[in-house]
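# Give me a model of this one.
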Amino acid sequence: MTTRNTSRRNFLLGGAAAASVPLLNACGVGGSTADNSGAAANDVTGGFDWKKASGTKIKILQTPHPYQQSFQPLLSEFTELTGIEVQADLVAEADYFTKLNTELAGGTGAHDVFMTGAYFIWQYGPPGWMEDLDPWLKNTSATSPDYDFEDIYEGLRTSTRWDFKPGSPLGTGGQWAIPWGFETNVIAYNKRLFASRGVKPAETFDDLIQLATDLTDRSKNQYGIAFRGSKSWATIHPGFMTQYSRMGCKDYTSEGGKLVAAMNSPEAVDFTAKWVQLAKAAGPTSWTTYEYPDCTRDLGNGNAAMVYDADSATYPKNKPGASKEAGNLAWHPGPAGPDGSYATNLWTWSLAMNAASKQKLAAWLFIQWATGKDAMSKATKAAFADPTRKSVFDGAFKQTLGAFPGYLETFEKVIDSTKIQFSPQTKFFETTEDWAVALQDIYAGQNAKSRLDALADSNTRKLAS
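Down below sits the predicted model:
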């Protein structure tokens, strides 16, 4: 089995490559027309009973991942509780989205439940491939009175909900998946180095630039800050989109029901130019190849003083024996915006139901159990971070954070402002990869304003086509 770093990197790159496949079906070319109207949920009547689908079997599609690995030993408890047999099929990360796309488009219903990221809802939802889970949540005959959906952080609940209308914000329309695990994007830093230099984490973006520059010493192979720079959509969504949002910048504006690109606004041009200059002055020398495993490796090895990326990506590097700097890492929210904003972008792994499933009640009981308080609390004691439920974070997860300075305080500082900061749109992967290419072009010397003007014009036209 691959390591977490390699697995997640390849998984996301594979997902981006496969993401264009649903577009043809979204335009009515091929694909299935599964019923996701909620009729199956409405067929469930009577009192709630975990045994209502006893004797059935469901198949779930997953890729090897710490979340999956944490829940695997608990599947027998689900079967004991419900009488439902679960067949968990694992697909190698590089092939996962190709497999999932093909299956969903074919409408076979071979797998009843599948893992997905929130951004992929914008691809899989419009063709009708995903079951709307809102009718299931609202049906007291199908959902336990103890489930407490509101216990899941609000930013996560809204990030997996959309009405598929251009210009509509997240939080509208159907509930297409239930958040299972997630990550906020903040700064991890080497507290040993900071103490030796007598410095503290920066509270403003300009101070971050100065701090990172001051901590850079190329002669010692030491630099100030690592963040992603490769030619991938995944370069935009962690640190860049978080700080971009805090600085008051928007990716798109809605005008007459159409999205108009705004990454060339004056504030966006100013921020982007500074971000790229930060990469040049205080980032890794091969920044344009950097993905998150490269960033966290350099933090763990002591080469990078800071990393601006997912909290759960840096978290493992502080475990005893995990890296050279294990025990020396700490966390900070990162700079607030000029108005004090801690807007933070997130990534969430979620569980979704195949609209073509023949065992929808059993599938819903599984999703409900896996995202419920009891199972998540047990999984958290293994390698599960961050839990999507406030009660689990405040309970079982907090108990694991004693040796992770600032992790809890950072989480609590940003969580109320944490959500997907992007505007939902069906060409997300293509247009966001184009954005990453623009960053590289500016890094190579192109003028920030003219390059972002060209990007905005191109993205606006793509979304209108």
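# Flag every buried residue along stretch 140-158.
Counting neighbours by 16 or more other Cβ atoms under 10 Å, one finds that the buried residues in stretch 140-158 are 141-143, 147, 149, 151-153, 155-158. Placement of C-beta: from N, CA and C, glycine included.
# Filter these down to the ones in strands?
Within the buried residues of stretch 140-158, membership in strands is found for no residue, as judged by DSSP state E.
# could these be laid out in a markdown table, adding distance to residue 167 and pLDDT?
Putting the buried residues of stretch 140-158 into a markdown table (distance: Cβ to Cβ, whole Å; pLDDT from 0 to 100) gives the following:
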| residue | distance to residue 167 | pLDDT |
| --- | --- | --- |
| 141 | 36 | 98 |
| 142 | 33 | 98 |
| 143 | 31 | 99 |
| 147 | 32 | 99 |
| 149 | 27 | 99 |
| 151 | 30 | 98 |
| 152 | 26 | 98 |
| 153 | 25 | 97 |
| 155 | 20 | 96 |
| 156 | 22 | 97 |
| 157 | 21 | 98 |
| 158 | 16 | 97 |
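# Need the max-distance pair from those residues.
When Cβ to Cβ is used, the two most widely separated members of the buried residues of stretch 140-158 are 141 and 155, lying 29.1 Å apart.
# Show me where the stretch 1-150 of the chain has its helices.
Listed in chain order, the helices of the stretch 1-150 of the chain (DSSP state H, counting those that start in this stretch) span 4-18, 21-26, 39-42, 66-71, 75-82, 96-106, 118-124, 134-138.
# Identify the residues contacting the third one?
Just to be clear, that refers to helix 39-42. With contact meaning Cβ atoms under 8 Å, 6 or more residues apart in numbering, helix 39-42 is reached by 131, 135-136, 138-139, 142, 360-361, 364.
# tell me the mean pLDDT for that helix?
Across helix 39-42, the average pLDDT comes to 93.
# List the buried residues of that helix.
Buried residues in helix 39-42 (16+ other Cβ under 10 Å): 40-41.
# Where does the prediction get shaky in this structure?
In the predicted model, the chain carries pLDDT under 70 at residues 1-37, 383-384.
# from the contacts of helix 39-42, which is closest to residue 315?
residue 364 (31.2 Å).
# what about residue 326, neighbour count?
Applying other Cβ atoms under 10 Å, we find 15 other residues in the vicinity of residue 326.
# you'd agree it is up against residue 314?
No - no contact is recorded between residue 326 and residue 314 when judged using Cβ atoms under 8 Å, the distance being 11.4 Å.
# Of the contacts of helix 39-42 - the most surrounded one?
Within those, residue 131 tops the neighbour count with 31 neighbours, counted by other Cβ under 10 Å.
# quick one, what contacts it?
Contacts for residue 131 were tallied using Cβ under 8 Å, 6+ apart; they are 36, 40, 176, 352-355, 357, 360, 363.
# Can you lay out those residues as TSV showing distance to residue 219 and secondary structure?
Supplementary listing: the contacts of residue 131 in TSV, determined by distance: Cβ to Cβ, whole Å; DSSP: H, G, I helix; E, B strand; the rest coil:
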residue	distance to residue 219	secondary structure
36	59	coil
40	65	helix
176	52	coil
352	50	strand
353	56	strand
354	56	strand
355	58	coil
357	59	coil
360	62	helix
363	58	helix
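# could those residues go into CSV alongside distance to residue 446?
Converted to CSV, those look like this (distance: Cβ to Cβ, whole Å):
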residue, distance to residue 446
36, 44
40, 53
176, 38
352, 40
353, 45
354, 44
355, 44
357, 48
360, 51
363, 49
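# Check what contacts the helix or strand where residue 312 lies and list those residues.
The secondary structure element spanning residue 312 is helix 311-314 (assigned by DSSP states H and E). Among residues not part of helix 311-314, those counted as contacts by Cβ under 8 Å, 6+ apart are 5, 8, 183-186, 188, 292, 295-296, 299, 307, 329, 331, 385-386, 407, 410-411.
# for stretch 294-303, same thing?
Against stretch 294-303 from outside (Cβ under 8 Å, 6+ apart): 5, 188, 190, 193, 221-223, 226-228, 284, 304, 306-307, 309, 313-314, 316-317, 322-326, 329.
# what's the spacing between that stretch and its chain's center?
Going by Cα atoms, centre = their mean, to the nearest Å, the spacing between the C-alpha centre of stretch 294-303 and its chain's C-alpha centre is 21 Å.
# buried set for that stretch?
When burial is assessed from 16+ other Cβ under 10 Å, stretch 294-303 yields the following buried residues: 294-300, 302-303.
# so residue 299 is in which element?
Secondary-structure assignment from DSSP H and E places residue 299 in helix 292-301.
# would you put the C-alpha positions of that helix in PDB?
Extracted in PDB, the C-alpha atoms of helix 292-301 (Å, rounded to 0.1, in the frame of the first residue of the first chain):
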ATOM      1  CA  TYR A 292       1.700  19.000  -1.000                       C
ATOM      2  CA  PRO A 293       3.900  16.000  -0.300                       C
ATOM      3  CA  ASP A 294       6.900  18.000  -1.300                       C
ATOM      4  CA  CYS A 295       5.900  20.800   1.000                       C
ATOM      5  CA  THR A 296       5.300  18.600   4.000                       C
ATOM      6  CA  ARG A 297       8.500  16.700   3.300                       C
ATOM      7  CA  ASP A 298      10.500  19.900   3.500                       C
ATOM      8  CA  LEU A 299       8.800  20.900   6.700                       C
ATOM      9  CA  GLY A 300       9.500  17.600   8.300                       C
ATOM     10  CA  ASN A 301      13.100  17.600   7.100                       C
END
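# sorry, back to before: between the contacts of helix 39-42, which is closest to residue 452?
Distance from residue 452 was checked for each of these by Cβ to Cβ. The minimum falls on residue 131, at 39.0 Å.
# Tell me what the nearest residue to the closest one once chain neighbours are set aside is bridged to.
The spatial neighbour of residue 131 that comes closest, neighbours along the chain excluded (Cβ to Cβ, 6 or more residues apart in numbering), is residue 353 at 3.8 Å. With DSSP bridges as the criterion, the beta-bridge partners of residue 353 are residue 113.
# Tell me how many other residues crowd residue 353.
Using other Cβ under 10 Å: residue 353 sits among 27 other residues.
# picking up where we left off before, could I get the buried residues of stretch 140-158 as CSV with distance to residue 62?
What follows is the buried residues of stretch 140-158, written out as CSV (distance: Cβ to Cβ, whole Å):
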residue, distance to residue 62
141, 28
142, 23
143, 23
147, 22
149, 22
151, 24
152, 20
153, 22
155, 24
156, 19
157, 22
158, 24
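# First-to-last residue distance for stretch 318-327?
Taking Cα to Cα, to the nearest Å, stretch 318-327 runs 5 Å from one end to the other.
# neighbouring contacts of it?
Outside of stretch 318-327, the residues within contact range by Cβ under 8 Å, 6+ apart are 190, 192, 299-302, 316-317, 328-329, 403-404.
# May I see those organised as TSV, with distance to residue 207 added?
Compiled in TSV, those are given as follows (distance: Cβ to Cβ, whole Å):
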residue	distance to residue 207
190	17
192	21
299	20
300	25
301	25
302	23
316	28
317	25
328	22
329	21
403	28
404	24
